[in-house]
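1. take this sequence and fold it.
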Amino acid sequence: RFGSKVLVFVHLFSGERRDSDIQMWMEQEPAPPGAIYNLLSVDVIYDSVAGDLSAPATQAIWLDFARRGCIAGAFSGPPCETWSKARALGGIPPVSKGDGGPRILRTMEKPERLSKLKIPELKQIILASRLLMFTIALCLEMLLARRFMVVEHPSCPDGKTEAWLPSIWKLYVVRAIARSRFAQQFTIYQGFCDGFSPKPTDLLVICGDRLDAKAELQQFQTRSTTPDSLEGIQQKQT
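-> Residues are numbered from 1 along each chain as shown. Presented below is the predicted three-dimensional model:
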């Protein structure tokens, strides 16, 4: 009789398949003896229904899969544009006008949203928050099921002048998950791995307490120093 174990790994918010993406590297990794990999890149660009992770019905399906232990591992990088500190240049409603670019929509004290936003900004906030809350819910299910998961998002803005800026890493629920002995949170710099700029990024890794995830990743650094930060338009003009 033929028997095998299927290990399902999902890459949520994957975007278009591209060279050196997560699925490509997973496909090159040999499966454990007696097992096969089933790798899924999930995004609305592939299926407007099954890939719509903002839809409650679709979220319920994936959460049920995780709850029943059907997913061996997941990687999720929810959209970060509403959390970007670069929005500070566009102004803070209703405090400052800025340079006309995208405005700040959240702050550390009001991570849900600022008041007096425009309709398109509110729609952006609602969608981004739905996707983030789904990622957090899935992370909790994977933690309880003792499965593997990585959540990726830009690192916290640092320095006293940036303390007011928002970050998912400042949310209580995220900090509570990170304190679990089965979770690890740390900062990586994509510039050490052929990135075009330092790009500090935080990873929350659900991997148990017998693996040093940061040390594992550091083995794959391709540089000893990072490139210089990319300059914005204002920096170049000055």
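2. roughly how far is stretch 12-23 from the heart of the chain?
-> Distance of stretch 12-23 from its chain centroid, counting by CA atoms, centre = their mean, to the nearest Å, is 13 Å.
3. now do the longest helix along the chain, average pLDDT.
-> Scanning the chain for the helix with the most residues, using DSSP state H, yields helix 119-144. Mean per-residue pLDDT for helix 119-144: 97.
4. how far off centre is it?
-> On CA atoms, centre = their mean, the centre of helix 119-144 falls 11 Å from that of its chain.
5. nearest residue to Pro94 other than its sequence neighbours?
-> Lys116 (5.0 Å; CB to CB, 6 or more residues apart in numbering). C-beta here means a position set from N, CA and C on the backbone, and glycine is covered the same way.
6. what number of residues lie near that neighbour?
-> Residues near Lys116, counting by other CB atoms under 10 Å, number 7.
7. and Arg18, by the same measure?
-> Arg18, neighbours per other CB under 10 Å, totals 9.
8. buried residues in stretch 193-206?
-> Residues of stretch 193-206 classed as buried by neighbour count (16 or more other CB atoms under 10 Å): 195, 198-206.
9. right, I mislabeled it, should have said stretch 93-100
-> Using 16+ other CB under 10 Å as the test for burial, stretch 93-100 gives 93, 98.
10. next one: stretch 100-118
-> 102-106, 111, 113-114, 117.
11. only C-alpha atoms, please: export it in CSV.
-> Taking C-alpha atoms only, stretch 100-118 is exported to CSV below (Å, rounded to 0.1, in the frame of the first residue of the first chain):
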residue,chain,number,x,y,z
GLY,A,100,0.4,66.5,-0.8
GLY,A,101,1.4,62.8,-0.6
PRO,A,102,-0.4,60.1,1.3
ARG,A,103,-1.3,61.2,4.8
ILE,A,104,-0.8,59.6,8.2
LEU,A,105,-3.9,57.5,8.9
ARG,A,106,-2.9,56.0,12.3
THR,A,107,-0.8,56.9,15.2
MET,A,108,0.6,55.0,18.2
GLU,A,109,-2.3,56.4,20.4
LYS,A,110,-4.9,55.8,17.7
PRO,A,111,-3.8,52.7,15.8
GLU,A,112,-7.4,52.0,14.7
ARG,A,113,-7.5,55.3,12.7
LEU,A,114,-7.4,59.0,13.0
SER,A,115,-10.6,61.1,12.8
LYS,A,116,-11.6,63.2,9.8
LEU,A,117,-10.3,60.9,7.2
LYS,A,118,-11.4,61.0,3.6
